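>>> Based on what follows, work out the 3D shape:
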Amino acid sequence: MIHRYCISHTTPQLPSSWYDRCIALGQFQPDSDLHVRQLDHYWHEARPVAYGAAGSYVLPIAIRKFSPQADLIEICSFRKRILPYPAGVEAKIFPTLREFDLEYALAEDDVASQFSWEPGSGFLVAQPLYFKNTVYRHYASIYRSRDFHDYTSIAVEMNVLDSCSASQFLAAKHFIPGGVELGIFPRSWLVDVLSKLEAVGRVFLERYGYRVREYDKYQVRAVGFLSERLGSFLLIRHLMDIYSNHIPADVFGYMTVIVNDGSRYSAGLGDVESDRPDRFRLKIRNGK
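Predicted coordinates:
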């Protein structure tokens, strides 16, 4: 059985039939039992710097309360979802992303199977990207490298990483957009990983929130960008452990964004390459 959660700050652009419950942020559905304020007031107060990550961080609480019998959990957002097959058209500026005109698709009756599918593997995540100069160096070229190092140190301090896996994290070249915050995952595994990311994110903001709050409106979301990258690392490592370094291609779906009236998605990611071979081969092994 799968339970589907949408994390959003306003009425999602996704059809309501694509999710079961909505984790509400900000002024959206303030009286809902699933509003972030009701689940963890800390993350409600921290939302001006955490943005959507605040919803991801309270998701373990929601899952324990409302989805105790679920085997799988799906996470989607305001207008993004991982689909098992390519819908719409490829985005021109964001590798592996697809733009899906919902009105056109509904007129074609082309969405019926997209919200009832469950992966046999237990996982459906975005296609991986490959960075020649490491995920860390790409992050540092756009954001602040100091944050990455401080965040990694906290992860080691809290036993989410050890010295070996921290080095692997800094040297990683593969990145799954969305990390563990977009896609389908086994319930117990997801709760465990998101709880770890929440703990690291909380300490990071408690220690360094004073400087993060001085960043511009894009850089201020540092904790969300960082948890996406650590989540991706933990996800890839877990998949490698399951599949002996040969991850089946059907674990990887298509990150899809809803667009309206022929509009295009706008986001800057930098110069990266997509990586979707028949089997996903990596060299990183083990580590805490």
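
>>> Distance check, residue 147 against residue 49.
Counting by CB to CB, to the nearest Å, the gap from residue 147 to residue 49 is 12 Å. C-beta: built from backbone N, CA, C; applies to glycine.

>>> what about stretch 223-235, distance to the chain center?
8 Å (CA atoms, centre = their mean, to the nearest Å).

>>> How about residues contacting that stretch?
49-53, 56-57, 125, 135, 139, 143, 147-148, 151-152, 155, 160, 168-169, 172, 174-181, 193-194, 196-197, 200-201, 204-205, 212 (CB atoms under 8 Å, 6 or more residues apart in numbering).

>>> Could you count how many residues lie near residue 86?
Number of residues near residue 86 (other CB atoms under 10 Å) recorded here: 12.

>>> Which of the contacts of stretch 223-235 fall within strands?
174-175 (DSSP state E).

>>> picking that back up, give the residues shared as contacts by residue 147 and residue 49.
By CB under 8 Å, 6+ apart, the residues touching both residue 147 and residue 49 are 212, 222.

>>> Looking at the two, which has the bigger crowd around it?
Neighbour count, other CB under 10 Å: between residue 147 and residue 49, residue 147 has more, with 21 against 18.

>>> With adjacent residues omitted, what lies nearest to the more buried one?
residue 222 (4.9 Å; CB to CB, 6 or more residues apart in numbering).

>>> Assign the closest residue to residue 67 other than its chain neighbours to one of the three secondary structure states.
Distances taken as CB to CB, 6+ apart place residue 3 nearest to residue 67, at 4.1 Å, with adjacent residues excluded. The three-state label given to residue 3 by DSSP: H, G, I helix; E, B strand; the rest coil is strand.

>>> Give me the pLDDT for residue 3.
On pLDDT, residue 3 comes in at 96.

>>> What of residue 13?
For residue 13, pLDDT reads 90.

>>> residue contacts, it?
78-79, 102, 258, 260.

>>> ChimeraX command to pick out the buried ones of the residues you listed?
Remark: buried members of these, expressed as a ChimeraX selection using 16 or more other CB atoms under 10 Å:
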select :78,79,102,258
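
>>> Can you tell me which of the contacts of residue 13 end up in helices?
Secondary-structure check on the contacts of residue 13 using DSSP state H: residues within helices are residue 102.

>>> Using CSV, lay out the contacts of residue 13 together with pLDDT and distance to residue 241.
Converted to CSV, the contacts of residue 13 look like this (pLDDT from 0 to 100; distance: CB to CB, whole Å):
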residue, pLDDT, distance to residue 241
78, 93, 32
79, 92, 32
102, 78, 37
258, 90, 34
260, 76, 41
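
>>> Check which helices and strands the biggest helix by length in the chain is in contact with.
When the chain is parsed with DSSP H, its longest helix is helix 187-212. On a contact count with 3 or more CB pairs under 8 Å, 6 or more residues apart in numbering; DSSP states H and E, helix 187-212 meets helix 41-50, helix 53-66, strand 72-77, helix 145-157, helix 222-243.
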